[in-house]
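1. Okay, predicted coordinates and the sequence, questions at the end:
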Amino acid sequence: MKNQRIQSHFQESAELKIQAASVLAGPIEEATELMFAALANGNKILACGNGGSAADCQHFAAELVGRFERERLPLPALALTTDTSILTAVANDYSFNEVFAKQVQAFGQAGDVLLAISTSGNSASILNAVNAAHEREMLVVALTGKGGGALAKLLSDADVNICVPHDRTCRIQEVHLLTIHVLCDGIDAALFGGDANE
């Protein structure tokens with residue numbers, strides 16, 4: 001029984017990834033083009049999310065600042081989830097809902113991109129960050145699930161919503177991680193063309 005339960009996780013994850021591939025290919029391509037254009041123009045990418053999504057932000061930033069699969073110059077990306085002094089000061093002095101918005105206001109500039117990750121699309125701290133990004137004339141790439149929630153309604157026509165077609169948080173997060181890798185690969189391909197092994 002335990003073995004069957006384990007296998008069911010793998011099966012559900014694999015099935016979702018296959019299903020999501022055709023649904024998400026278009027939005028991921030749009031997001032890749034948007035991010036590459038910003039980076040090519042000398043702008044940067046800021047990323048925010050809570051919990052597992054915070055870890056995804058840090059993973060994404062690390063792949064751009066370090067490398068994904070090939071050697072290249074570092075690309076400017078910043079996870080807004082890592083500075084505990086900023087996070088706790090803003091949460092204490094204002095509210096937790098402002099921890100990312102304040103950083104977007106401080107670091108964001110017109111032409112930058114905000115990667116906003118929320119499995120439900122309803123996290124107040126993420127919604128406030130998106131509003132702050134729009135005020136700074138930034139574009140937004142949202143990684144969501146569960147229909148996109150309130151975040152989907154905040155996005156402009158110029159923004160991109162990569163919404164995983166599922167309601168289970170762990171499955172959504174698994175596709176978010178795959179999406180992050182695909183975005184990094186797409187950015188590298190736009191920079192260099194071809195495959196990493198060529």
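-> Looks like it came in fine.
2. Spatially central residue in the protein, please.
-> Leu115 (4.1 Å; C-alpha atoms, centre = their mean).
3. What pLDDT is listed against it?
-> Note on Leu115: pLDDT of 99.
4. That one - that's part of a strand, no?
-> Yes. With DSSP: H, G, I helix; E, B strand; the rest coil as the criterion, Leu115 is assigned to a strand.
5. I figured it hits Ser53, correct?
-> No. Taking contacts as C-beta atoms under 8 Å, Leu115 lies outside contact range of Ser53: 9.9 Å. Every C-beta, even on glycine, is put in place using the N, C-alpha and C of the backbone.
6. Specify the local secondary structure of Leu183.
-> In the three-state summary, Leu183 is assigned as helix, counting by three-state DSSP.
7. Neighbours of it, how many?
-> By the measure other C-beta atoms under 10 Å, the count of residues near Leu183 is 25.
8. thinking again about what came up before, spit out the residues that contact Leu115 and Ser53 alike.
-> Taking C-beta atoms under 8 Å, 6 or more residues apart in numbering as the contact definition, Leu115 and Ser53 share the neighbouring residues Leu143.
9. Return the set of residues that bridge with Val113.
-> Beta bridges link Val113 to Ile45, Leu139 when assigned by DSSP bridges.
10. where along this structure do the helices fall?
-> Taking DSSP state H as the criterion, the chain contains helices spanning 2-40, 52-65, 84-93, 101-107, 124-135, 149-154, 169-192.
11. contact partners of stretch 6-23?
-> Contacts of stretch 6-23 with the rest of the structure, by C-beta under 8 Å, 6+ apart, involve 164-166, 168, 171, 174-175, 178.
12. show me what contacts the closest residue to Val182 other than its chain neighbours?
-> Taking C-beta to C-beta, 6 or more residues apart in numbering as the measure, Val182 lies nearest to Ile28, with 5.6 Å between them; neighbours along the chain are not counted. Ile28 sits next to 162, 179, 182-183, 186 when contact means C-beta under 8 Å, 6+ apart.
13. Who are the contact partners of Gly66?
-> With contacts defined as C-beta under 8 Å, 6+ apart, the neighbours of Gly66 are Pro74.
14. any idea how far Thr144 is from the residue nearest to Val182?
-> Using C-beta to C-beta, to the nearest Å, we find Ile28 at a distance of 13 Å from Thr144.
15. which residues do those two both contact?
-> Taking C-beta under 8 Å, 6+ apart as the contact rule, Ile28 and Thr144 both touch Ile162.
16. Point out where the protein drops to low pLDDT.
-> For the chain, the stretches flagged by pLDDT under 70 are 1, 194-198.
17. Do I have it right that Pro27 meets Val160?
-> Yes. In this structure Pro27 lies within contact range of Val160 using C-beta under 8 Å: 5.4 Å.
18. Turn the contacts of Ile28 into TSV, columns for distance to Phe36.
-> Listed next are the contacts of Ile28 as TSV, based on distance: C-beta to C-beta, whole Å:
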residue	distance to Phe36
Ile162	15
Thr179	15
Val182	13
Leu183	10
Gly186	7
